[in-house]
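Asker: Requesting a structural model of the entry that follows:
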Amino acid sequence: LSYGAEFIYTAEDSINPSIDERYPEMMFPMPGPGMFVEMLKNSMPPHSSGRCYCCGKGGNVGRQFMIDRAVRMLKEQGHSGEADEIMMVGDRFNTDIRAGVLAGIKSCLLESGAHTLDVADEFPTDLPSYTAKSIADISVSYRKSSMSESESESESESESECE
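Answerer: Here you go, the predicted model:
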């Protein structure tokens with residue numbers, strides 16, 4: 001970096017949950033890539049400022065490499081690509097939920113992973129549209145253009161979004 005290189009990394013997760021078979025009900029923090037990224041960025045100022053790029057979901061250029069590409073792929077498969085019909089689902093405010101917020105799409109926090117709503121105050125700009133205790137609590141609804149209006153209405157009444 002001190003010679004002009006760009007610093008490109010994939011994730012800002014400071015910790016990752018780790019499970020020990022001896023303690024099945026507990027999760028232990030394990031250093032994540034973000035811990036090492038911050039160490040490197042902080043060891044090289046002022047040379048690192050303005051030339052650090054996170055291409056992961058919640059990163060400063062992640063939307064371009066991940067979310068926008070995913071939307072293009074959805075469109076290629078026949079999806080409308082409309083933001084209100086797409087939802088980012090994940091277990092971290094600072095990556096998954098942030099990616100949804102930055103992309104202007106709905107987001108759902110799965111509380112069975114790294115973060116729960118208890119820590120939402122630490123991420124005031126990364127608030128999810130919905131929450132769910134686990135992925136099993138999310139109901140997926142498929143709408144087909146061939147549905148009659150009455151079929152579509154009855155499906156809408158029984159549809160359950162990530163709550």
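Asker: Could you count how many residues lie near Tyr9?
Answerer: Counted with other Cβ atoms under 10 Å, residues neighbouring Tyr9 total 17. All C-beta spots, glycine's among them, are computed from the backbone N, C-alpha and C.
Asker: which residue ends up closest to the midpoint of the chain in space?
Answerer: Using Cα atoms, centre = their mean, the residue of the chain that lies closest to the mean C-alpha position is Asp96, 1.2 Å off.
Asker: doesn't that residue fall inside a helix?
Answerer: Yes: counting by DSSP: H, G, I helix; E, B strand; the rest coil, Asp96 is part of a helix.
Asker: tell me the contacts of it?
Answerer: With Cβ atoms under 8 Å, 6 or more residues apart in numbering as the criterion, the residues that contact Asp96 are Lys57, Gly58, Met88, Val89, Gly90, Ser107, Leu109.
Asker: Let's see if you can find the most crowded of these.
Answerer: Leu109 (29 neighbours).
Asker: Look at it and tell me its secondary structure.
Answerer: The assignment at Leu109 comes out as strand when based on three-state DSSP.
Asker: Can you tell me the SS state at the nearest residue to it once chain neighbours are set aside?
Answerer: Nearest non-adjacent residue to Leu109, counting by Cβ to Cβ, 6 or more residues apart in numbering: Pro128, 4.1 Å away. Here Pro128 is recorded as coil under three-state DSSP.
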